[in-house]
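K.L.:
sequence unavailable; structure follows:
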């Protein structure tokens, strides 16, 4: 499984807003410059995150974006599910109830379910606040661009 640039940039966007907000709106133009991400691409991502209720926008000279909740209330899993969809490693686990006609005698479904649970536990166990803390501890706000 690979996380697309949209998912990675969404995490970088949320982290940047958490780091630079100080209770104020953060300009998408500023995020674009700091993160070296196209403004147009960020606008697409912001639209997705706003529709999901993660960000609030404000127009005008003091406009920009602000998180609707505290950074510790946003898990990486929440953000990736908005941008990437379900994180299931196989399609038969994407629905709440497995629709595969072979599920009752499939020798691999338990393995895939275990992997899926591990992925979700890891993604849902890490928050934007955790990443802010990591950046502060390392005195670094540079993000990996090429993974």
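P.N.:
Received, thanks. All figures in this text were calculated on a predicted structure; none of them were measured in a lab.

K.L.:
now the nearest residue to residue 89 once chain neighbours are set aside: which helix or strand?
P.N.:
Leaving out its chain neighbours, the residue that sits closest to residue 89 by CB to CB, 6 or more residues apart in numbering is residue 115, at 5.1 Å. Any C-beta I mention is one placed from the backbone N, CA and C, and that applies to glycine too. Following DSSP states H and E, one finds residue 115 within helix 109-124.

K.L.:
helices or strands up against the following helix or strand past that helix?
P.N.:
Sequence order places helix 128-137 as the next helix or strand after helix 109-124, per DSSP H and E. Under the contact criterion of 3 or more CB pairs under 8 Å, 6 or more residues apart in numbering; DSSP states H and E, helix 128-137 touches helix 5-20, helix 76-84.

K.L.:
can you list the buried residues in the first one?
P.N.:
The reference is to helix 5-20. 7-19 (16 or more other CB atoms under 10 Å).

K.L.:
cool, and stretch 102-117?
P.N.:
Of the residues in stretch 102-117, those buried (16+ other CB under 10 Å) are 109, 112, 113, 116.
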